[in-house]
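Participant: fold the following and give me the result.
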Amino acid sequence: MVSNMIKFSIPVLALVIWASVFTVDERQKAILFKFGEILAYDYEPGLHFKMPLINNVRKFDNRILTIDQQPERFLTAEKKDLIVDSFVKWRIADVVQYYKTTQGDENRAGQLLYQNINNGLRDEFGKRTVQEVIAGDRTEIMSIMTAEATEKAKTLGIEVIDVRIKKIDLPARVSDSVYRRMRAERERVARDFRSKGAEAAERIRADADRQRSVILAEAYRDSEIVRGEGDAKATDIYAEAFSKNEDFFRFNRSINAYKSNFSTANDIILLQPDSEFFRYFNDSRGKE
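Facilitator: Numbers count the residues shown, from 1 in each chain. Alright, predicted model coming up:
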């Protein structure tokens, strides 16, 4: 009988012990309740004790969590739509406040936190133009939103680690309009470059034609000067040679004239027999 009681007591005792302890991981925060009332919450990682049936424990993830919502549409200062894709890094700072405001539901906490962040983003985008948002103010917006979200999240027992904007897009209708304007602007710039290039080409071509004309004129002038000097020198040489033996040069000139005028059998010249042209036909010395 005693043996049976011992055998029965051991499992019961083990069950009581198991129901009297709980562990807290270093990645968790825990709250100890007593009939639904918060009794303790500041637990270090390790093994802890509780009263079975009286106390219950809820554990919450203490790691950095990410909320990545669907892209939202915001208006800029020019009343232009922008589609903004962002995410938030957060973790539990005050587990009691977190439980009271969200009942420990991560989804509810994320919705409340992102609602505050979306409102802040809407305000910040509404102060800026599209150019300011896309070109230079994105880092400033994220810094402002991180600071504001951290302040507002304190009421939820949450610490906001970072707010990041992943992507900013224009709606399809606006994108088409922007692309058309960009294309028109690029085409205008291209036309401007082409007209400037054509103007420069015409200027270079006209300058080349002018230089060509100048070079040809100078070359023709120099060639005429050289030719004139050559002709003058040749005339001097002929005159000097002619003066040395006038009869020979008259004879040689007449012979060359005969060769030129009677080069074929069909050549005919009608002249008087006593013409000056035939003086060396009658007498090799050219005497009349």
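Participant: all strands of the stretch 151-288 of the chain, in order?
Facilitator: Taking DSSP state E, counting those that start in this stretch as the criterion, the stretch 151-288 of the chain contains strands spanning 158-169.
Participant: so where's it shaky on pLDDT?
Facilitator: For the stretch 151-288 of the chain, residues meeting the criterion pLDDT under 70 lie at 173-176, 178, 245-247, 258-259, 261-288.
Participant: doesn't Pro52 make contact with Ala19?
Facilitator: Yes. With contact defined as CB atoms under 8 Å, Ala19 counts as touching Pro52 (3.9 Å). Bear in mind the C-beta positions are built from the backbone N, C-alpha and C, glycine included.
Participant: so Gln69 sits against Ser86, correct?
Facilitator: Yes. Using CB under 8 Å, Gln69 makes contact with Ser86 at a distance of 7.4 Å.
Participant: show the contacting residues for Ile38.
Facilitator: Ile38 sits next to Ile31, Leu32, Val96, Tyr99 when contact means CB atoms under 8 Å, 6 or more residues apart in numbering.
Participant: run the last query once more with 7 Å
Facilitator: Shown in contact with Ile38 (CB atoms under 7 Å, 6 or more residues apart in numbering): Ile31, Val96.
Participant: measure it to Val95 for me?
Facilitator: To Val95, Ile38 is 10 Å away according to CB to CB, to the nearest Å.
Participant: quick one: common contacting residues for those two?
Facilitator: Both Ile38 and Val95 are contacted by Ile31, under the criterion CB under 7 Å, 6+ apart.
Participant: give the buried residues for the strand or helix carrying Arg58.
Facilitator: For Arg58, the element it lies in under DSSP states H and E is strand 55-61. Within strand 55-61, the residues that count as buried by 16 or more other CB atoms under 10 Å are Asn55, Asn56, Val57, Lys59, Phe60.
Participant: helix/strand/coil for the closest residue to the last one other than its chain neighbours?
Facilitator: The shortest distance from Phe60 to any non-neighbouring residue, by CB to CB, 6 or more residues apart in numbering, is to Lys29 (4.9 Å). Three-state call for Lys29 (DSSP: H, G, I helix; E, B strand; the rest coil): strand.
Participant: can you give me the helices in this structure?
Facilitator: 2-20, 95-102, 106-126, 130-135, 138-153, 172-244, 246-261, 279-282 (DSSP state H).
Participant: pipe the ones you listed into TSV and attach mean neighbour count and distance to Phe74 per row.
Facilitator: Formatted as TSV, those follow (neighbours: other CB atoms under 10 Å; distance: least, CB to CB, whole Å):
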stretch	mean neighbour count	distance to Phe74
helix 2-20	10	52
helix 95-102	18	26
helix 106-126	17	4
helix 130-135	15	9
helix 138-153	17	11
helix 172-244	10	13
helix 246-261	12	103
helix 279-282	14	117
